[in-house]
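> Attaching a predicted model along with its sequence, questions to come.
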Amino acid sequence: MSNLSLSNDQHLPTNPSVTDRINKKDEKECRYEQLFSPYHPSKSYVLYFINSLTTEAELKMLCNVIKGATDFIFDTESDIRSYTPALIQVLIVQEDPEPSLVLLIETTHLPDISSNRFREIQNLFYHLFRIGTNLYSWGPLVDELERFQIYQLFSISIPSNVFNVQRIFTGWFNEHINMKPDDNNNTTDYDDSIVINAPQFDPELFLPPTMMNHLKIINNQLWSLQDAIAYIFYQYLSKRETLRSWAIGLDKRLPSRDKNYSLNYRKRLIKYASYDCLSLMEIILFMYENYLSNHPVNDLHIQSLGEYFSYLNTKFITSSSLVKTRQVYEILIDDESEDSMTVHDLNERHPISFEHQTSYDVNPNQQTLEQDFDIYQQQQEIEFYVPHDQHLTTDQYVNDHESYSEPNSPQELNHYHQQNDYYQAVEIDHHVQENNLIVISNSLRKPKSKRKRSRVAQQRRNHQSNIRRRRHRYKFEVIRPLNTTITHVKQILHSYAVPYINVNPVQSTLYIDLRSKDLQDYFEQLLPMDLFL
């Protein structure tokens, strides 16, 4: 696979992490291009430029079409050089056999603000954002539109129903991929199910849908539009034109266009901008039609696309904060279990106990993953949370997760002893009420009088404390041969999105600690044996 070269309007990054991210995106583009046929819209569409050349008659005609429609798909683009908000894409969803209308609103080439044509463009947005319309986007639409307020086209106070399809799709796909039809009572034809018709690919090039879904859920990741198209329709949606000069004037008729760019370049940008909206429309319609085909008797009385996405929005987004709050509470009040311990020493290896395995599986024949995934994510947030925009250094990580060595200096012993005495002074009382709910009440009790311990007693006490803290470590581990630094190991694990708890190099062997047996089985297959050599 050859790497993609940066176009002449892209800045060459100097940050190594940014360069690495760009290289990975290029590799992914090449891999998808090799595996799939290019994305092509299944429905016809008509393209309209909205700029200083658009006539009042055209604007009034489009306004009438918008008045008769209720579903609109949005996207935006900004110029890579000036970061100027440059383009708003609007797709007007129309029923067959009418073609979809794609509007490319070039905000850097609008008519004069005092002209009638400018007021007609404002009128377009007024009817797009009226009460009762449904606005769909892949990402937070209101945040994207805020940048365009400088053009005075609309008010950011939008009374429409706004749906972030990216967030909804992530929850929907997890449910869809694990859906198991009732063979005895259900006669619905599932031939269109992506679970059944999924092609067989080399898992090193393209993960199966269940594995990809598993990876997204356990890492709390949202789906990209490109991945969604690949896993739903098995087509390649190019994202090579994401960072481009969008303010050049896409309409070749514009006298204000930047003449340094070729017609072919403009065609590529126009195609990219249109396909982003058209592909999102196909995902939205696929989700809705899949629902209708699997629910011949509609108990929810869903009669339209907007009603269906309102239902999904409530199901996967609105209620998720309440579910997560409850699960955090349950985790906080959960007592420590008496699971067996596994401790790694340099010259001693203890057997791994799998007596207490979590019921966490991507198999659709077992219970759904949603509860276990959420609990896992909340445990990660409570115990090992690191913000996305910062990374622990090797030393920090060792201090937080790996350093359980015995204290050597008297100062270390005294500090450790003081910490233990403090934790003894604070006790948590658990009261079981009549409704079997556990309630936490913190009561500060009078600290016990300190007793001086000998050095040997202090070391023995600290050693026992260290053992207790290792109670749940390395029960579910992946073992690989090692011939590299721990810093490089962590970089590799991050690139594979491994949600490890700890890593422990013992001579030429690496032990990777994971949360559950299912994660262990999953990454045992995913990570090559020679990955760290």
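Thanks, I have the structure now.
> There's contact between Leu59 and Arg119 in this structure, I believe.
No - using C-beta atoms under 8 Å, Leu59 is not in contact with Arg119, being 9.3 Å away. C-beta coordinates here come from the backbone N, C-alpha and C atoms, glycine included.
> neighbour-wise, which of these two wins?
Remark: of Leu59 and Arg119, Leu59 carries more neighbours, 22 against 13, as counted by other C-beta atoms under 10 Å.
> helix/strand/coil for that one?
Applying DSSP: H, G, I helix; E, B strand; the rest coil to Leu59 yields a three-state assignment of helix.
> Give me the pLDDT for it.
The model reports Leu59 with a pLDDT of 98.
> what's the answer for Arg266, then?
For Arg266, the model assigns a pLDDT of 96.
> Run through the strands of the stretch 201-350 of the chain in chain order.
For the stretch 201-350 of the chain, applying DSSP state E, counting those that start in this stretch gives strands covering 235-236.
> Could you do the chain as well?
37-38, 45-50, 71-78, 85-92, 100-106, 134-137, 161-164, 235-236, 426-432, 438-444, 476-481, 502-506, 509-514 (DSSP state E).
> Out of these, flag the one nearest Thr19.
strand 71-78 (21.5 Å; C-beta to C-beta).
> Return the list of helices and strands in contact with that closest one.
Under the contact criterion of 3 or more C-beta pairs under 8 Å, 6 or more residues apart in numbering; DSSP states H and E, strand 71-78 touches strand 85-92, strand 134-137, helix 141-146, helix 263-294.
> The first one vs strand 71-78, what angle?
Looking back up the chat, that one is strand 85-92. 160 degrees (axes from the mean of the first three to the mean of the last three C-alpha atoms, to 10 degrees).
> quick check: angle from strand 85-92 to helix 263-294?
40 degrees.
> Show me what strand 85-92 pairs with in its sheet, parallel or antiparallel.
Here strand 85-92 has these sheet partners by DSSP bridges: strand 71-78 (antiparallel), strand 100-106 (antiparallel).
> Out of those strands, which gets nearest to Cys63?
With C-beta to C-beta as the criterion, Cys63 lies closest to strand 100-106 of those, at 11.1 Å.
> what sits up against the closest one?
Identification of contacts with strand 100-106 by C-beta atoms under 8 Å, 6 or more residues apart in numbering yields 43-51, 62, 65, 86-94, 121, 124, 249-251, 254, 270, 273-274, 277-278, 281.
> quick revisit: of the strands of the chain, which is nearest Met212?
strand 235-236 (15.5 Å).
> Who are the packing partners of that closest one?
In terms of contacts (3+ C-beta pairs under 8 Å, 6+ apart), strand 235-236 is packed against helix 16-35, strand 37-38, helix 225-233.
> and Asp513, what are its bridge partners?
Here Asp513 sits in beta bridges with Glu477, Asn502, going by DSSP bridges.
> okay but it is in contact with Tyr474, surely?
Yes - at 4.9 Å, Asp513 counts as touching Tyr474 under the criterion of C-beta under 8 Å.
> okay, and the common contacts of these two?
In terms of C-beta under 8 Å, 6+ apart, Asp513 and Tyr474 are both contacted by the residues 502, 504.
> what comes up buried for stretch 59-73?
Buried residues in stretch 59-73, counted by 16 or more other C-beta atoms under 10 Å: 59, 62-63, 65-66, 69-73.
> Dump the helices and strands packed on strand 71-78 into TSV; add mean neighbour count as well.
Below are those laid out as TSV (neighbours: other C-beta atoms under 10 Å):
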stretch	mean neighbour count
strand 85-92	23
strand 134-137	23
helix 141-146	16
helix 263-294	18
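> just so I know, which of these lies nearest Tyr308?
Tyr308 lies closest to helix 263-294 among those, at 5.2 Å (C-beta to C-beta).
> now the closest one against strand 45-50, angle please.
Using the same axes, to 10 degrees: helix 263-294 against strand 45-50 is 130 degrees.
> could you give the angle of helix 263-294 to helix 225-233?
50 degrees.
> can I assume Val489 is in contact with Thr509?
No - using C-beta under 8 Å, Val489 makes no contact with Thr509, being 11.8 Å away.
> before we move on, the earlier item: would TSV of the strands paired with strand 85-92 with mean pLDDT and distance to Ile113 be doable?
Output for these, formatted as TSV (pLDDT from 0 to 100; distance: least, C-beta to C-beta, whole Å):
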stretch	mean pLDDT	distance to Ile113
strand 71-78	97	20
strand 100-106	98	15
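> Let me have the ones you listed in TSV, adding distance to Ser115 as columns.
Putting the strands paired with strand 85-92 into TSV (distance: least, C-beta to C-beta, whole Å) gives the following:
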stretch	distance to Ser115
strand 71-78	23
strand 100-106	15
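> Asp530: which of the ones you listed is closest?
Closest approach to Asp530 among those (C-beta to C-beta): strand 71-78, 42.2 Å.
> Now do the contacts for Thr133.
Residues near Thr133 by C-beta under 8 Å, 6+ apart: 69-72, 160-161.
> and Ser256, backbone torsions?
Dihedral angles of Ser256 (phi, psi; degrees, to the nearest 10) stand at phi -90, psi 10.
> Next, the contact list for it, please.
Each residue near Ser256 by C-beta under 8 Å, 6+ apart is listed here: 52, 109, 249.
> what's the distance between the closest residue to the last one other than its chain neighbours and Val46?
Setting aside the residues directly before and after it, Gly249 is nearest to Arg257 in space (C-beta to C-beta, 6 or more residues apart in numbering), at 3.0 Å. Spatial separation of Arg257 from Val46 under the definition C-beta to C-beta, to the nearest Å is 22 Å.
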